[in-house]
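> Mind looking at a prediction? Sequence and model below.
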Amino acid sequence: MTFFEAILLGIIQGVTEFLPISSSGHLVVIRDWFGITEAALSFDAVIHLGSLLAVMVAFHSELRAIVRGLTGARDDEAKEGRKLLRYLVLATLPLVVAALFFRDTVALAFESTLFTALMLYFTGALLLYAEKRPPPRIELVPSRRHVLAMGFAQILALLPGLSRSGMTIGAGMLAGLSRVQAARFSFLMSIPAILGASLFELTHVARASAGPGGLPGEELAQTISTGALITGTVTSLIASYLSIVVLLRFLKSGRLVGFAIYTWVLATLLLVLEVF
């Protein structure tokens, strides 16, 4: 893998992880258009850690509250931290169960460019539908109802072409949250989701490397240098942080229509690549 490819994947990972435009859909484009091997795409599991660090930095105050809550402190910050932790666990459980039972089906879905394109169209449609709902008259704080809606929506994002942030933000808005509140909790939900996905993929690569033939782990080591790995991770961190900050500011007054149109354009591009 060249440094250009490492930077490209880092930018795509960082931007598409948090903007509602589907990171998996973009990886399919890269696979089909640029011809990057599946072993090299496992590199994405490592540079996800850059995105994880970015969201932890962006929401350091919420994470500090969770840590205070775990220490047993009784001040308001600690109480809010314990509540937030309960909500994150509640929102993540559906994803964990679905990933355990349907991982083989999901793996098959990633092999279909046509399916990915159709799911990108669905992502755009959900964003437009969520925008049609009148905004709440008062700024609601996420409740169990909102958290469960977003948690079950996150299951859909296991499929290629369905944006995790798009599904969860859209579900939060349809459940009654504002764009900003839905986005903030969606980003917090990404912490356990990214961590779990990265650990799973890295474990998979390690086991495959130890198996007969030593692939794809051996191929991955031969394809990606340490310098490219560091470059991709740092690029992902910077791109992720900027995406979070920019999107939260944009959603204070902006709408999701532009992102919906973008996903439809990307879906059409995938269909063209599939045909030609």
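Yes, it's here.

> Distance of A267 relative to L49?
Distance check for A267 against L49: by CB to CB, to the nearest Å, it reads 29 Å. Using the backbone N, CA and C atoms, a C-beta is placed for each residue, glycine as well.

> Counting neighbours, go ahead and name the busier of those two.
Neighbour tally, A267 and L49, criterion other CB atoms under 10 Å: the higher count belongs to A267, 22 against 17.

> so where is this protein shaky, pLDDT-wise?
Scanning the chain for pLDDT under 70 picks out 1, 31-32, 34-42, 137-139, 204-224.

> which residues in it form helices?
In the chain, the helices defined using DSSP state H lie at 3-18, 23-33, 38-41, 43-58, 60-70, 76-109, 113-132, 144-156, 164-174, 179-210, 217-223, 226-250, 257-275.

> deepest of those helices, which one?
helix 164-174 (a mean of 27; mean count of other CB atoms under 10 Å).

> Run through the neighbouring helices and strands of that helix.
helix 3-18, helix 113-132, helix 144-156, helix 179-210 (3 or more CB pairs under 8 Å, 6 or more residues apart in numbering; DSSP states H and E).

> ok and the longest one relative to helix 43-58, angle-wise?
Interaxial angle, helix 179-210 versus helix 43-58 (axes from the mean of the first three to the mean of the last three CA atoms, to 10 degrees): 140 degrees.

> Please name every helix or strand in contact with helix 179-210.
So helix 179-210, by 3+ CB pairs under 8 Å, 6+ apart, packs with helix 3-18, helix 43-58, helix 76-109, helix 144-156, helix 164-174, helix 217-223, helix 226-250.

> Same list (those) but as JSON lines, adding distance to G258.
Listed next are the helices and strands packed on helix 179-210 as JSON lines, based on distance: least, CB to CB, whole Å:
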{"stretch": "helix 3-18", "distance to G258": "14"}
{"stretch": "helix 43-58", "distance to G258": "22"}
{"stretch": "helix 76-109", "distance to G258": "26"}
{"stretch": "helix 144-156", "distance to G258": "21"}
{"stretch": "helix 164-174", "distance to G258": "12"}
{"stretch": "helix 217-223", "distance to G258": "35"}
{"stretch": "helix 226-250", "distance to G258": "9"}
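
> Surely T233 touches I47?
Yes: in this structure, T233 is within contact of I47 by CB atoms under 8 Å, at 4.8 Å.

> shared neighbours of these two, anything?
Counting by CB atoms under 8 Å, 6 or more residues apart in numbering, the contacts common to T233 and I47 are G10.

> How much space separates the residue nearest to T231 when sequence neighbours are not counted from G50?
Once flanking residues are discounted, T231 sits nearest to A6: 4.6 Å by CB to CB, 6 or more residues apart in numbering. Separation of A6 from G50 (CB to CB): 11 Å.

> Give the intersection of the neighbour lists for those two.
With CB under 8 Å, 6+ apart, A6 and G50 have common neighbours G232, T235.

> what sits against the residue nearest to L270 when sequence neighbours are not counted?
Counting by CB to CB, 6+ apart, L270 lies nearest to A117, which is 4.0 Å off, once chain neighbours are set aside. Listed by CB under 8 Å, 6+ apart, the contact set of A117 reads G25, G161, A267, T268, L270, L271, E274.

> Would you mind listing the residues in contact with the residue lying closest to the first one once chain neighbours are set aside?
Spatially, and ignoring its direct neighbours in sequence, G25 is nearest to G161 (4.6 Å; CB to CB, 6+ apart). Taking CB under 8 Å, 6+ apart, we find G161 in contact with 22, 24-25, 28, 115-120, 122-123, 267.

> likewise L229?
A6, F43, V46, I47.

> quick one: which two of these are the most distant?
Greatest spacing in the contacts of L229, by CB to CB: A6 and V46 (10.5 Å).

> how far away is the residue lying closest to I155 once chain neighbours are set aside from A157?
Spatial nearest neighbour of I155, chain neighbours left out: A98 (4.4 Å); criterion: CB to CB, 6+ apart. Distance from A98 to A157, counting by CB to CB: 10 Å.

> do T116 as well
Distance from T116 to A157, by CB to CB: 13 Å.

> I figured L140 hits A175, correct?
No: counting by CB under 8 Å, no contact exists between L140 and A175, whose distance comes to 9.1 Å.

> Mutual contacts of the two, please.
What both L140 and A175 touch, as defined by CB under 8 Å, 6+ apart, is the set H146.
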